[in-house]
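1. Mind looking at a prediction? Sequence and model below.
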Amino acid sequence: MIVVRHIYLSPAHIYVGHHGREAGDEPMQAVDRVECVAGSGLRGDRYFDFKPDYKGQVTFFSLEVWEDLCVRFGIHDKGPETFRRNLIVAGIDLNTLIGQDFEVQGIRFHGTQEAAPCYWMDQAFAPGAEQALKGRGGLRARILTDGWLRVEE
C-alpha cells in the first residue's frame, strides 16, 4: 500500500530554463492536501496544465530513498522537498509502477517513467547525489481520475 507522507507544490520552476545560470529560489510549499485534476496535474503546481497529456503531471519520490541518502551523505538539514517531487510516499518501489496504472487514496494514476535526477541534485542536496539517485529518482505519472490526496500520519 502506498502511503503519502508529504505533499509539495511549487508555482515556479527553479531548474527548468536555468541551465548555465544559478537555480531559482522558489521554495516548495508543503500542503496537507491537494486537488488532483485528471489530465491536468496538481492544482497550484508549476506543471498544472503544462501541456496536453503531459507525462509528468505529478511526481512521486520515495521517503525510504531520501532517508538512505541522508545517511549515505551525512545530511541532517535537508528535507525530501529538496528533490522537488510532489508526493513523498512510503511502502512501494516506485520503479515497479512505470507503465502501470495504480491507485492512491482512490485516485488513479499511470506511471510514465522514472523522474530521472539531473546535475542540479549535486548542488541542491550533496555532491554525488545525482549518481546516487540514478534508478531511484522517483516516478513521473499522469493523473487519470479527479480527487483529493491528503498527507497520512
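-> Thanks, I have it.

2. what's the spacing between the helix with the most length in the chain and its chain's center?
-> The residue-count maximum for a helix in the chain (DSSP state H) belongs to helix 63-73. Its chain's C-alpha centre and that of helix 63-73 lie 15 Å apart, by Cα atoms, centre = their mean, to the nearest Å.

3. so who does the spatially closest residue to Arg84 that is not a sequence neighbour touch?
-> Using Cβ to Cβ, 6 or more residues apart in numbering and skipping the chain neighbours, the partner closest in space to Arg84 is Met28 (6.3 Å). (Glycine included, C-beta is placed from N, CA and C.) Counting by Cβ atoms under 8 Å, 6 or more residues apart in numbering, Met28 makes contact with Tyr8, Leu9, Ser10, Glu81, Arg84.

4. Show residues contacting the lowest-mean-pLDDT helix or strand in the chain.
-> Sorting the helices and strands of the chain by mean pLDDT, DSSP states H and E puts helix 120-124 at the bottom, at a mean of 82. Contacts of helix 120-124 from elsewhere in the structure, counted by Cβ under 8 Å, 6+ apart, are Tyr15, Ala23, Lys78, Thr82, Phe83, Arg84, Gly128, Ala129, Glu130, Leu133.

5. and if you look at stretch 85-95?
-> The contact list for stretch 85-95, computed with Cβ under 8 Å, 6+ apart, reads 1-9, 34, 42, 45, 58-64, 66, 80-81, 104, 111, 114-115, 135-136, 138-139, 149.

6. buried stuff in that stretch?
-> Buried residues in stretch 85-95, counting neighbours by 16 or more other Cβ atoms under 10 Å, are found at Arg85, Asn86, Leu87, Ile88, Val89, Ala90, Ile92, Leu94.

7. which one in those residues is the model shakiest on?
-> For the buried residues of stretch 85-95, the weakest pLDDT value sits at Arg85, with 91.

8. Got the phi and psi for that residue?
-> The phi/psi pair for Arg85 (degrees, to the nearest 10) reads phi -100, psi 150.

9. tally of neighbours for the nearest residue to it once chain neighbours are set aside?
-> Closest residue to Arg85 apart from its sequence neighbours, by Cβ to Cβ, 6+ apart: Phe61 at 3.6 Å. For Phe61, the neighbour count with other Cβ atoms under 10 Å is 27.

10. Before we go further, Phe61 is sitting in a strand, right?
-> Yes: assessed with DSSP: H, G, I helix; E, B strand; the rest coil, Phe61 lies in a strand.
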